[in-house]
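> Give the three-dimensional model of this entry:
(one chain, ligands or ions: 1)
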Amino acid sequence: MKRLIIPFFLSNKGCRSRCIFCSQSISTGLHPDKISREYFCTTVENHLHSAGSGHRETQVAFYGGNFTGMHEHEQERLLKYALDFVKSGLVHSVRISTRPDFINEKCLRLLKAHSVKTIEIGGQSMIDDVLERAQRGHTADDTKRAFVHLHDMGFETALHLMIGLPGDTDERFFHSVEEAVRLRPQAVRLHPALVFKDTMLASMYKAGDYHPLSLENAVSLSLRALIRFRQEGIPVIRMGLYTSEAMERKGNLLAGPYHPAFGALVESSLFLEMASALLAKVEPLRSGVTFFVAPSDVSNLRGLNNGNMKLLREKTGSHPLEICEEPGQKKGLLALVYDGNRYTALPSTHGEGIFKINRHTAALR
Ligand code: SF4
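Numbers count the residues shown, from 1 in each chain. Sure thing, here's the model as predicted:
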């Protein structure tokens, strides 16, 4: 069962300056400047009503600003609205997103007292030069310190990383990924840098001082990061920004690797790599092959517009290739049945190659 998250967007509240890529009005859309108790309650009740039952856990989330950078009274005001729902049993806990340089014991005690369970940290990069160019106003050490506090006080954590910021390189990005692994967050979000109008990044882009990643490159970097995090058992809960109406409005997004289904592109690239690794294991083929996947992974295996299938059929040649939905199959796992054997592929643990391929001679499902 999934977690139900009821989001509220704070539109840069608590931000002391503006990061060069940030346009909350475009990336998250327009939201009320002040969240009143009435607006809060109506929004939560509407979400609970339309979601129905069947959610493992319900959280109220405050996103789109620097929560712990807001005045303490304002933090308490919003947290009390949420706490009333927690006390009534309709909501289980609260999650917030904030900056690493606004984490200290005092603010964490306030959050703890108001049922905040999950804290998302906008780390964005673990390279100081990249952070400075993005005018983040914090260092990689601030992020490390924040995670020590968060772990010490028992919070669930999520880390945001960006791909393609000015000054970043593939090598630097994977250094950030390795540092992120060492921080042991419970989840990661990967966001490619996009050029929104009226941002500093837009001025740099127009002046020819910033060259965004291509979509292909951003997908490939995200894929490698996704594999690395999966190797470490760290869930990547989001790849690419949520698509807002404002983002799709002409003139708001100037450049960058935007795709409304960015995460699905990365997931389908992962399935193509796993399928190719499995086929390589059984080549040369003498007969047809069948792939088994969880029902929710069928589209990932097929790829956008069946793109993966076309590429895989080139590899299988005249031998039939079939896909079988396998209820109960673990999501993210791909199995191939060929010549009486079943092979499975999963991102391997570090040092064993990219994928771990297992062969099961007896199981012929
Ligand atoms: S801290 Fe976050 S919300 Fe505030 S300006 Fe930077 S990216 Fe935007």
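
> Torsion angles phi and psi at the residue in the stretch 251-365 of the chain that the ligand sits nearest to?
Of all residues in the stretch 251-365 of the chain, Gly256 sits closest to the ligand, at 15.1 Å by Cβ to the nearest ligand atom. To be clear about C-beta, it is placed using only N, CA and C from the backbone, and glycine gets the same treatment. When read as degrees, to the nearest 10, the backbone of Gly256 gives phi 120, psi 170.

> residues touching the residue lying closest to it once chain neighbours are set aside, list them.
Counting by Cβ to Cβ, 6 or more residues apart in numbering, Gly256 lies nearest to Leu194, which is 3.7 Å off, once chain neighbours are set aside. Shown in contact with Leu194 (Cβ atoms under 8 Å, 6 or more residues apart in numbering): 21, 27, 212, 241, 253, 255-258.

> and the chain, which of its residues are near the ligand?
Neighbours of the ligand within the chain, by Cβ under 6 Å from any ligand atom: 12, 15, 18-19, 22, 24, 65-66, 99, 122.

> quick one: which of these has the most company?
Highest neighbour count within the residues of the chain next to the ligand, by other Cβ atoms under 10 Å: Arg99, with 25 neighbours.

> what's the pLDDT at the spatially closest residue to that residue that is not a sequence neighbour?
Using Cβ to Cβ, 6+ apart and skipping the chain neighbours, the partner closest in space to Arg99 is Asn66 (4.9 Å). In this model, Asn66 is scored at 97, pLDDT.

> Thr361 too?
69.

> Would you check that Leu285 makes contact with Tyr338?
Yes. Under the criterion of Cβ atoms under 8 Å, Leu285 makes contact with Tyr338 at 7.4 Å.

> just to revisit the earlier point, now the contacts of Leu194: which count as buried?
21, 27, 212, 241, 253, 255-258 (16 or more other Cβ atoms under 10 Å).

> Identify the residues contacting Ile96.
Each residue near Ile96 by Cβ under 8 Å, 6+ apart is listed here: 61-63, 67-68, 111, 116, 118-120.

> any idea how far the spatially closest residue to it that is not a sequence neighbour lies from Ile20?
Excluding the flanking residues, the one nearest Ile96 by Cβ to Cβ, 6+ apart is Phe67, at 4.1 Å. Counting by Cβ to Cβ, to the nearest Å, the separation of Phe67 from Ile20 is 21 Å.

> neighbour-wise, which of those two wins?
Comparing Phe67 with Ile20 by other Cβ under 10 Å, the one with more neighbours is Phe67, at 28 against 20.

> which stretch of helix or strand covers the most centrally placed residue in the chain?
By Cα atoms, centre = their mean, the chain has its centre lying nearest to Arg238, at 2.1 Å. Per DSSP states H and E, Arg238 falls inside strand 236-239.

> for that strand, which positions count as buried?
236, 238-239.

> Next: stretch 122-141.
Counting neighbours by 16+ other Cβ under 10 Å, stretch 122-141 gives 122-127, 130-131, 133-134, 136, 138-140 as buried.

> From the chain's centroid, how far away is it?
In terms of Cα atoms, centre = their mean, to the nearest Å, the centre of stretch 122-141 is set 19 Å apart from its chain centre.

> could I have it exported to CSV, CA atoms only?
Provided in CSV are the C-alpha atoms of stretch 122-141 (Å, rounded to 0.1, in the frame of the first residue of the first chain):
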residue,chain,number,x,y,z
GLY,A,122,17.7,20.2,-0.6
GLY,A,123,21.4,19.2,-0.8
GLN,A,124,21.4,19.5,-4.6
SER,A,125,25.2,18.8,-5.0
MET,A,126,28.0,17.7,-2.7
ILE,A,127,30.5,19.9,-4.6
ASP,A,128,31.1,23.3,-3.0
ASP,A,129,31.9,25.0,-6.3
VAL,A,130,28.7,23.8,-7.8
LEU,A,131,26.7,25.0,-4.7
GLU,A,132,28.4,28.4,-4.9
ARG,A,133,27.6,28.8,-8.6
ALA,A,134,24.0,27.9,-7.9
GLN,A,135,24.0,30.6,-5.1
ARG,A,136,22.8,28.0,-2.7
GLY,A,137,24.4,29.7,0.3
HIS,A,138,25.5,26.4,2.0
THR,A,139,28.2,23.9,1.6
ALA,A,140,28.4,20.1,1.3
ASP,A,141,29.6,20.0,4.9
